[in-house]
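Chemist: Just a sequence and a predicted model for now, questions to come.
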Amino acid sequence: MNETRDRILDVALDVLGENPDAGMGDIASAAGVVRRTVYGHFPSRLDLVRILTERAVTEVTAVLTEVNASDAEADATWVEFIARVWPVAHGTECCWRCAVASTARRSTACSGQSMSSSPTS
């Protein structure tokens, strides 16, 4: 069960990284499961994005903690930090893009303007 959940999270990160507006059906298809399976693990898209965000924060925090505990010189510590945080940066970028897309949708809905007529389209 955790294997399926982890696979959904990994796939969701890729799918949402490419399209922050992707729905649960898109994620399910890419993960090779049905939407019901995704919803069985994550009651809503917001819950899924929240878990992805928590996971990204945990990964970056772990890197910061480990690099900070190093006795290396500042330059070496910086190089180590960048080398180790780079692979997990995708997760934080994906979460940021989802948050921006969600905010844009709410903003547009509140103003009564359709997404296609927004000045940034």
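Modeler: All right, it came through fine. Values in this document were obtained by computation on a predicted structure and should not be read as measured data. Numbers count the residues shown, from 1 in each chain.

Chemist: Which secondary structure element of the protein has the lowest mean pLDDT?
Modeler: Within the chain, no helix or strand scores below helix 74-111, which has a mean of 71 by mean pLDDT, DSSP states H and E.

Chemist: how close does the most far-flung residue of the chain relative to its centre sit to Val79?
Modeler: Relative to the mean C-alpha coordinate of the chain, counting by CA atoms, centre = their mean, the farthest residue is Glu73 (32.4 Å). Distance of Glu73 to Val79, given as CB to CB, to the nearest Å: 10 Å. Heads up, the C-betas are built off the backbone N, CA and C, glycines and all.

Chemist: separation between the residue farthest from the centre of the chain and Ala83?
Modeler: Taking CB to CB, one finds Glu73 at 15 Å from Ala83.

Chemist: repeat for Arg50
Modeler: Arg50 is 28 Å from Ala83, by CB to CB.

Chemist: and the host helix or strand of Glu3, what's its mean pLDDT?
Modeler: Using DSSP states H and E, the element containing Glu3 is helix 2-18. The average pLDDT for helix 2-18 rounds to 92.
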